[in-house]
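*Asks:* Here's a sequence, model it:
(chains A and B)
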Amino acid sequence: MSTRIAAIAVATFKEALRDRLLVLVVVFAVAMVLFSRVLGWLSVEDEVKMVHDFSLTGMSFLSLFLAMLVGASSLAREVERRTVYTVLTRTGTRTEFILGKFVGLVGVFWLCLLGAGLVLALWVLTWGGSIGEALVAAMIGLMLEAIVLTAVALFLGALAAPAIASVGTFAFYLIGHGTEALRELTDQGKNPDFAAVYSVLYRVLPNLENVNFINATTSGRPVDWGALGAGALYVLCWTSVLLAGAIILFRRRQF
Amino acid sequence: MNSVVRAHDLHKTFRPQAFGKPVHALRGVSFEVAEGECFGYLGPNGAGKTTTMKVLTGLMTPTSGTVSLLGAPPSDASARSRLGYLPENPYFYEHLTPMEALSFYGTLSGVSPSDVRERAPRLLDRVQLTDAKDRRIRGFSKGMRQRFGLAAALIHEPSLLMLDEPLSGLDPAGRRLVKEIILEEREAGRTVFLCSHVLADVQELCDRVVIVHNGQIARSGTIHELLDGAPRSFELIAAGIPDDLKDEIRAAASLFREAGETVTARLPGGDSAPDFAARVHAAGGRVLALVPERETLESWFVRVIQSENGPSDVARQRAMAAGGGA
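*Replies:* Residues are numbered from 1 along each chain as shown, chains lettered A, B, ... in the order given. Purely as a prediction, here's the structure:
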């Protein structure tokens, strides 16, 4: 990584860490983790399973909210505050600027996820659960999801106003977690006329379930690390395409 | 002339709305800035100054025309590596201290960490921010940000300094400091491209100026050429003037004041004022002072813009020339 990308990443990381919105979102995620115990009491299922499910889902929302609230407005804020003027008139390229912003944002989002994950681990241990490889796999999946959500937020932030970029990131998240339903529709063969359409959509639309290993924490089955590796490659492909798009858009931008 | 900046037939057209009327911000702007000179780029608000600066620094691409910055287009990183740019009302990453921010900008400009460590304290001392070196920029006043911006523009020891309103928001001591730094940089051989509304400062700092108006170059030349060396008027202060001569002076003067036996009169340029002074002396009076009044850049600027716009715009231009914007 070039020193310029690293410098921009560090500045982005520090800037995002001091964002009050970030504190609010992290407090919300930690509250969800802690609240999961209450649901465990109310649930007829295994209490620790509820803690896992609810907390990890909450952490997935944490990634989404961070991408929507911090990532999607990141570029617009640089332009609005005109800090971009003092950066882009130096030797760095706009490509380096986008990559630096991406690395910095992913860094801060990962830090938040790891913090919430640590709270979850302590919480699970407190209530008699254990930390296994399934929880590690679920955490890695969430961190991969954060990567692609950050790339979406930056891409849409380079394309449109922050509010639209936030809504677009939310839509990407919803679609990403709903794509699996298309495969089920195809497999069930209920609408054979639309099977081809479902099949194409399933392949074209993002599928965040490829890195969703939350269920693995409670299913009792061993973690399929190969599937996680394939999911990581899948996410990195999407991320590369989105970042390339963000770079192309940002290089054409007039300030 | 070895040109450091060369703009040729620059056009920039904006279309604020998809099907709206196009706005022609630049309409065939051409100029060159020679190596080592301090070049003033002036114009009323909306004339196209900021657009030109953005095109020159690569923040914006022209609709047509060419720009060369230190022999290369602004998109070329090698050109930007020798450019020190201070934007108008600069903003920086608020959470950084000046030392951290100088390190950040130094890294972005390809300065080695050891050079940054050596230059940063010296630059902060030069802009009188040593005492604030560990404070976050967020708590800086406008003047402190401006001075820090100048330090950030100098961290990589650029060949060309492009300064957009560098004296804005500064107190008198800060203005004096920044002007001294600009003059020192020019003395050190750097080329300075200065955009400012404060025309008295431009007159003090710049060798040559260009006035841009409605996206076109209205006038250009050296300060000496543009202002013409001859006095535009004289102020004559004299005492003991005979009444008949006093009446003649009153008739010729654009301004006449009498306090006791002392008369103050503003007389037109040319030979009349020295002639009156000689006649006062010959008549037994005392010439206390004969002060030539030369045209300032400010009054010249207002005159040029007035001739471009017509008299209706004079008040607005006067306000702008005084630094108050328009």
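
*Asks:* Only C-alpha atoms from now on, for both contacts and neighbour counts.
*Replies:* Fine.

*Asks:* Low-confidence regions, the stretch 1-150 of chain A specifically.
*Replies:* Per-residue confidence of the stretch 1-150 of chain A (counting by pLDDT under 70) places the weak regions at A:1, A:40, A:43-46.

*Asks:* Start from the N-terminal end of it and give the helices.
*Replies:* In chain order, the stretch 1-150 of chain A shows helices spanning A:3-17, A:20-42, A:47-66, A:74-80, A:83-88, A:94-126, A:133-159, with DSSP state H, counting those that start in this stretch as the criterion.

*Asks:* what does the stretch 151-255 of chain A give?
*Replies:* Taking DSSP H, counting those that start in this stretch as the criterion, the stretch 151-255 of chain A carries its helices at A:162-188, A:195-204, A:216-219, A:225-251.

*Asks:* I'd like to know which of those is closest to B:Val198.
*Replies:* For these, proximity to B:Val198 was assessed by CA to CA; helix A:225-251 is nearest, at 34.5 Å.

*Asks:* Surely B:Leu288 forms part of a strand?
*Replies:* Yes - counting by DSSP: H, G, I helix; E, B strand; the rest coil, one finds B:Leu288 located in a strand.

*Asks:* Any idea how many residues pack against it?
*Replies:* Close neighbours of B:Leu288, defined as other CA atoms under 10 Å in any protein chain shown, add up to 14.

*Asks:* Check what pLDDT it gets.
*Replies:* B:Leu288 is assigned 94 on the pLDDT scale.

*Asks:* these two touch, right, it and B:Ala239?
*Replies:* Yes - between B:Leu288 and B:Ala239 a contact is recorded at 7.2 Å, counting by CA atoms under 8 Å.

*Asks:* Just say which of the helices of the stretch 1-150 of chain A is most tucked in.
*Replies:* Looking across the helices of the stretch 1-150 of chain A with neighbours counted as mean count of other CA atoms under 10 Å in any protein chain shown, the highest average goes to helix A:133-159: a mean of 25.

*Asks:* Closest residue of the stretch 1-150 of chain A to chain B?
*Replies:* Chain B sits closest to A:Thr91 of the stretch 1-150 of chain A, with a gap of 4.8 Å, by CA to the nearest CA.

*Asks:* Now that residue: phi and psi?
*Replies:* Recorded main-chain torsions at A:Thr91 are phi -70, psi -20, according to degrees, to the nearest 10.

*Asks:* cool, B:Pro158 as well?
*Replies:* Comment: the main-chain dihedrals of B:Pro158 come out as phi -70, psi 160, following degrees, to the nearest 10.

*Asks:* And the residue of the stretch 101-250 of chain A closest to chain B?
*Replies:* A:Phe250 (11.2 Å).

*Asks:* ok, and the closest non-adjacent residue to that residue?
*Replies:* Excluding the flanking residues, the one nearest A:Phe250 by CA to CA, 6 or more residues apart in numbering or on different chains is A:Ala158, at 5.8 Å.

*Asks:* Ok, B:Phe31 next?
*Replies:* For B:Phe31, the nearest residue in space outside its immediate sequence neighbours is B:Ala7; the separation is 5.3 Å by CA to CA, 6+ apart.

*Asks:* now B:Arg208
*Replies:* Counting by CA to CA, 6+ apart, the nearest residue to B:Arg208 once its immediate chain neighbours are dropped is B:Thr222, at 4.0 Å.

*Asks:* Chain A against chain B: which residues are in contact?
*Replies:* Of all the residues in chain A, those in contact range of chain B (CA under 8 Å from any CA of the partner chain) are A:3-4, A:7-8, A:11, A:14-15, A:18, A:81-83, A:85-93, A:253-255.

*Asks:* worst average pLDDT in the helices of the stretch 151-255 of chain A?
*Replies:* Ranked by mean pLDDT, the helices of the stretch 151-255 of chain A bottom out at helix A:216-219, with a mean of 70.

*Asks:* I'd guess B:Ala173 is in a helix, am I close?
*Replies:* Yes - assessed with three-state DSSP, B:Ala173 lies in a helix.

*Asks:* Pull the number of nearby residues for residue 248.
*Replies:* You didn't say which chain, so I picked chain A. In terms of burial, A:Ile248 registers 16 neighbours under the definition other CA under 10 Å.

*Asks:* that's the wrong chain, I meant chain B
*Replies:* 11.

*Asks:* Show me what the helix or strand in which it is found is packed against.
*Replies:* For B:Glu248, the host element (DSSP states H and E) is helix B:243-252. In this structure, helix B:243-252 packs against strand B:262-268, with contacts taken as 3 or more CA pairs under 8 Å, 6 or more residues apart in numbering or on different chains; DSSP states H and E.

*Asks:* Enumerate the positions of the helix or strand just after the strand it packs on that are buried.
*Replies:* Toward the C-terminal end, the helix or strand that comes next after strand B:262-268 (DSSP H and E) is helix B:272-282. The neighbour-count criterion (16 or more other CA atoms under 10 Å in any protein chain shown) identifies B:Ala273, B:Phe276, B:Ala277, B:Val280, B:His281 as the buried residues of helix B:272-282.

*Asks:* what's the answer for stretch B:290-297, then?
*Replies:* Counting neighbours by 16+ other CA under 10 Å, one finds that the buried residues in stretch B:290-297 are B:Leu290, B:Pro292, B:Glu293, B:Arg294, B:Glu295, B:Leu297.

*Asks:* Ok, stretch A:204-223 next?
*Replies:* Using 16+ other CA under 10 Å, the residues of stretch A:204-223 that count as buried are A:206-218, A:223.

*Asks:* need these in a markdown table with distance to B:Asn309, can you?
*Replies:* Compiled in a markdown table, the buried residues of stretch A:204-223 are given as follows (distance: CA to CA, whole Å):
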| residue | distance to B:Asn309 |
| --- | --- |
| A:Pro206 | 59 |
| A:Asn207 | 62 |
| A:Leu208 | 62 |
| A:Glu209 | 66 |
| A:Asn210 | 66 |
| A:Val211 | 66 |
| A:Asn212 | 67 |
| A:Phe213 | 70 |
| A:Ile214 | 70 |
| A:Asn215 | 73 |
| A:Ala216 | 75 |
| A:Thr217 | 76 |
| A:Thr218 | 78 |
| A:Val223 | 77 |
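
*Asks:* my guess is A:Leu17 contacts A:Val108, does it?
*Replies:* Yes - taking CA under 8 Å as the definition, A:Leu17 is a contact partner of A:Val108 at 6.7 Å.

*Asks:* center of the chain - which residue?
*Replies:* I'll assume chain A. Nearest to the mean C-alpha position of chain A, counting by CA atoms, centre = their mean, stands A:Ala146 at 2.2 Å.

*Asks:* switch to chain B, that's the one I care about
*Replies:* Against the mean C-alpha coordinate of chain B, by CA atoms, centre = their mean, the closest residue is B:Val202 at 3.2 Å.

*Asks:* Identify whichever of the helices of the stretch 1-150 of chain A lies nearest to B:Phe148.
*Replies:* Of all the helices of the stretch 1-150 of chain A, it is helix A:83-88 that lies closest to B:Phe148, at 12.1 Å by CA to CA.

*Asks:* Having no further points to raise, I will conclude here.
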